[in-house]
Every structure is written in C-alpha cells, then in structure tokens.
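Undergrad: A structural model of the following input is requested.
(one chain, ligands or ions: 2)
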Amino acid sequence: MGKNGRVPVGIVGASGYGGVQLVRLLMDHPEVELVYLGGESSAGKPFADLYPHLAHAVNLPIEAVDSEIIAQRCEAVFLSLPNGLACQITPKLIEKGIKVLDLSADYRFTNLATYTTWYGTERSDQKVAASAVYGLPELYRDRIAEAQLVGCPGCYPTASLLALSPLLKQGLIMPETAIIDAKSGTSGGGRQAKINMLLAEADNSLAAYGVARHRHTPEIEQICSELAGHELTVQFTPHLIPMVRGILATVYATLRDPGLVRDDMVTIYNAFYRNAPWVKVCESGVYPQTKWASGSNLCYIGIEVDPRTRRVIVMSAIDNLIKGQAGQAIQCLNIMMGWDETLGLPKLGFYP
Ligand SMILES: NC(=O)C1=CN([C@@H]2O[C@H](COP(=O)(O)OP(=O)(O)OC[C@H]3O[C@@H](n4cnc5c(N)ncnc54)[C@H](OP(=O)(O)O)[C@@H]3O)[C@@H](O)[C@H]2O)C=CC1
Ligand SMILES: CC(=O)N[C@@H](CCC(=O)OP(=O)(O)O)C(=O)O
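TA: Numbers count the residues shown, from 1 in each chain. Ligands and ions are numbered 1, 2, ... in the order given. Reported below is the predicted structural model:
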C-alpha cells in the first residue's frame, strides 16, 4: 500500500500519448498513487519538462526502465510501449507478483504464432502469454477480475468489437458477411515523427491504409471467432482522417432474420449492454459522432437496418486515446482491484 492507503502504480512509456493520458487520469484516481514513470529517450528528465502544462500536478521524473525498481515500488504497472517491448519485461514483473496492464499488442493473442505472423517477432514467453486476459471489460469482465496480466485491446478492435459483439454472440447475422470500415484520428499513430502524420500530408485528405492486411485484423478475428463459435474472417479497412482524436467504426453485416427492424436492434443492444457503464446505445435514428466521445471513456453506438439489402449497419464512436487505450486500461485495473468500474474515468467528453 502507498500513501493514504492508495495502491502504488507505475507507467512505462509515460512520455507517449498513451502514457500521458494515463498520467492525467491516474492523478485524479481516488484509489491510486502514481509512484513511477519509465521511458527510454526521455529517461532522466522531469515529466514536467515534457508536459509543462502538467507541472502543477505531476512532480515525478522519468526513469530508465528497471523491473526491480518497478517491483519494489508498484503493485500494478501500465506498459504503454511500442509493440514487442512489453514481452521483454512482463515475465519478470509477473514473477514478482505485479499486476501488469499492457497497452501494446504483445498479450492480445491466445496463439503466439498469429502474433509472430503479423508482428514479425518470435516469442519465448508462451506460458506468461497464455495467462493473459483480453482487456475488453464488456465481454471479459469476470476473467479480467481474476487476471494478473491483461492485454488491452487495440483502438480499432475496441470500437469494432463493441459494435459487432451483440450480433455475433446472439447469432443475428451471417458472420462471414461482416465488414468494418473505420476512421481514426492521427493520435492513433503515437507521438512520433512520421511523414504521413505531418499536417501538410494528413490535412484536407482522407485515405485508407493497411487495406486487407492491417494488423488489427487478426485481433478482431480472434474475438469474433470466439463469439461466433467457429473460425471467422472479417474484412477490416482503416482510414486516416484529419483530426487528432477519435475513431468511428461503421460495421455492415447481413441479418439472418429479414423481419428485424431498427427498433428491435436498439432493444437488443440496450439489453446486451445493460450492465456496461461505458457503452451508450443511441436512441433509434440517432447516429454517433466522434466528438461526443472525445475526452471521455464512452463508446457511443448507433444502429440502422436497411430492409432493401437486409443489412444491419452499426456505428461505434470512441476516443482512441481513452476508451481505445488509457481509459480502457484503467477500467481493467478497476476491475482487477475489485473497485467500481467507473472510478477515476471521465464520464463527460470535451464537446461542445
Ligand atoms: N495511440 C493510440 O491510439 C493507441 C495506441 N495503442 C498502443 O499503445 C502503445 C503506446 O502507444 P502510444 O502511446 O501511441 O505510443 P507513443 O509512440 O506515443 O509512445 C511510446 C512510448 O514508449 C516509450 N519507449 C519506446 N521505446 C522504449 C524502450 N525501449 N524502453 C522504454 N520505453 C520506450 C517512449 O518513451 P521515450 O519517449 O522515453 O523514448 C514513449 O513514452 C503502443 O503499443 C500502441 O500500439 C493502443 C491503443 C490505442
Ligand atoms: C492512425 C493510426 O496509425 N493508428 C494505428 C493504430 C494504433 C493502435 O491502436 O494500434 P496497436 O495498439 O495495435 O499498436 C495504426 O493503424 O497502426
């Protein structure tokens, strides 16, 4: 236990977009004390040198990553690192009894061969990876509550799976017809210099990327297959859109029952998410906007049915940095610690 009976936690990768969201949210979390920030190129600097507007609230240095120090100081740690790094320190942290929440893709896959195919890294931590739970609370709350290691979902999978889950779990669609068309703001690419993220490149333009080969495809397929009860392929196309925060995933699939109308679907979604405080199903005929979710941990879902094509169309809007990343990881920590799932998380976005 830390000061005032609070749980001491750390963040590795504190200088990045995920890291700084975690810092911001955890500083206000009533059960947590932030005691450790780790990084690589930023190590040795005060956190406030990187984010001067938070100097009044955060008085911690960024330190070089050392699993011994993390284990001495922390009960739980968030790893917000590029893919392929968390798997290098997580086994040591797990061995020392620390709760680990990994925001990268390293612990999202039940089959590490799939990870290696899509991410190109060979892994030797099969045993630890097998103990990881996929951190989507709306589907796996009970498993997360028992977990020591949580592999938090990618931002696109979060938006896509929250849209698709009721349809697949209740067998309402022909699963192989599912198509996901998703758009993300540029913060989804992290806080690194990349040519396609320059204002001059990304502004006033909209383009698909990773078509038919984005690495979130196998992650979405893994969970969809589990929900459908058999192996499934899903068509997923991401787009980069000239805004900073937010994802809108629009999902199309053919309904099995041509008699289902929009109001039926809204009733079904409301029932499915009745115990999910972070999912808001829009009223019939209302379609969500990314700016509604911006700054909050909410996922807004809107539903339409086209009787001509027999397709259901589900729109899911999140803030990629909150429900798609840092907020969802804190939601998982809350569940792992037995706290209220909503603790320390923003219920209201920035808009208007
Ligand atoms: N951005 C998003 O919308 C989402 C991202 N994710 C995933 O979350 C993870 C973090 O993403 P994001 O915050 O965008 O990334 P950023 O690029 O913004 O930040 C990466 C962080 O990793 C640190 N880092 C890099 N290499 C090392 C190293 N060898 N040792 C220690 N620290 C290191 C950097 O620290 P330093 O500056 O000190 O070098 C930096 O703090 C990624 O795996 C990403 O895929 C998941 C969901 C959504
Ligand atoms: C706009 C943009 O570049 N988005 C990122 C998604 C980031 C993310 O959530 O990916 P992981 O957590 O799986 O790394 C991308 O398409 O790679």
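Undergrad: contacts, neighbours, all on C-alpha from now
TA: Will do.
Undergrad: near ligand 2, which residues of the protein show up?
TA: Within the chain, the positions adjacent to ligand 2 are 104-105, 154-155, 184-186, 188-189, 240 by CA under 6 Å from any ligand atom.
Undergrad: at 8 Å instead, please
TA: 82-83, 103-105, 153-156, 184-190, 209-210, 214-216, 238-240, 320, 324-325 (CA under 8 Å from any ligand atom).
Undergrad: Residue 350 and residue 242, how far apart?
TA: 18 Å (CA to CA, to the nearest Å).
Undergrad: ok but residue 238 is inside a strand, no?
TA: Yes. Using DSSP: H, G, I helix; E, B strand; the rest coil, the assignment for residue 238 is a strand.
Undergrad: Return the set of residues that bridge with it.
TA: residue 182 (DSSP bridges).
Undergrad: contacting residues around it?
TA: 181-184, 208-211, 214 (CA atoms under 8 Å, 6 or more residues apart in numbering).
Undergrad: Equivalent analysis for residue 253, please.
TA: 173-175, 177-179, 311-313.
Undergrad: For the residue lying closest to it once chain neighbours are set aside, give me its contacts.
TA: Once flanking residues are discounted, residue 253 sits nearest to residue 178: 4.5 Å by CA to CA, 6 or more residues apart in numbering. Applying CA under 8 Å, 6+ apart, we find residue 178 in contact with 234-235, 251-254.
Undergrad: who has more neighbours, residue 350 and residue 242?
TA: residue 242 (19 against 11; other CA atoms under 10 Å).
Undergrad: Surely that one and residue 203 touch.
TA: Yes. Taking contacts as CA atoms under 8 Å, residue 242 lies within contact range of residue 203: 5.1 Å.
Undergrad: Spell out which parts of the stretch 51-200 of the chain neighbour ligand 1.
TA: 62, 64-65, 79-83, 85, 102-105, 152-156, 187-192.
Undergrad: Quick one, which of the contacts of residue 253 are buried?
TA: Buried members of the contacts of residue 253, scored by 16 or more other CA atoms under 10 Å, are 173-175, 178-179, 311-313.
Undergrad: Using JSON lines, lay out the residues you listed together with pLDDT and secondary structure.
TA: Formatted as JSON lines, the buried ones among the contacts of residue 253 follow (pLDDT from 0 to 100; DSSP: H, G, I helix; E, B strand; the rest coil):
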{"residue": "173", "pLDDT": "98", "secondary structure": "strand"}
{"residue": "174", "pLDDT": "98", "secondary structure": "coil"}
{"residue": "175", "pLDDT": "97", "secondary structure": "helix"}
{"residue": "178", "pLDDT": "98", "secondary structure": "coil"}
{"residue": "179", "pLDDT": "98", "secondary structure": "strand"}
{"residue": "311", "pLDDT": "98", "secondary structure": "strand"}
{"residue": "312", "pLDDT": "98", "secondary structure": "strand"}
{"residue": "313", "pLDDT": "98", "secondary structure": "strand"}
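Undergrad: and which of the residues you listed is nearest ligand 2?
TA: residue 179 (16.9 Å; CA to the nearest ligand atom).
Undergrad: now, which of the contacts of residue 253 sits nearest ligand 1?
TA: Distance to ligand 1 across these (CA to the nearest ligand atom) is lowest for residue 179, with 20.8 Å.
Undergrad: Could you tell me how far that closest one is located from residue 232?
TA: 12 Å.
Undergrad: can you map out the strands along this protein?
TA: 7-12, 32-39, 62-64, 76-79, 99-102, 133-134, 149-151, 179-184, 207-208, 235-240, 247-254, 279-281, 299-306, 311-318 (DSSP state E).
Undergrad: by contact count, what packs against the fifth one?
TA: Yep, that's strand 99-102 we're talking about. strand 76-79, helix 86-95, strand 149-151, helix 327-336 (3 or more CA pairs under 8 Å, 6 or more residues apart in numbering; DSSP states H and E).
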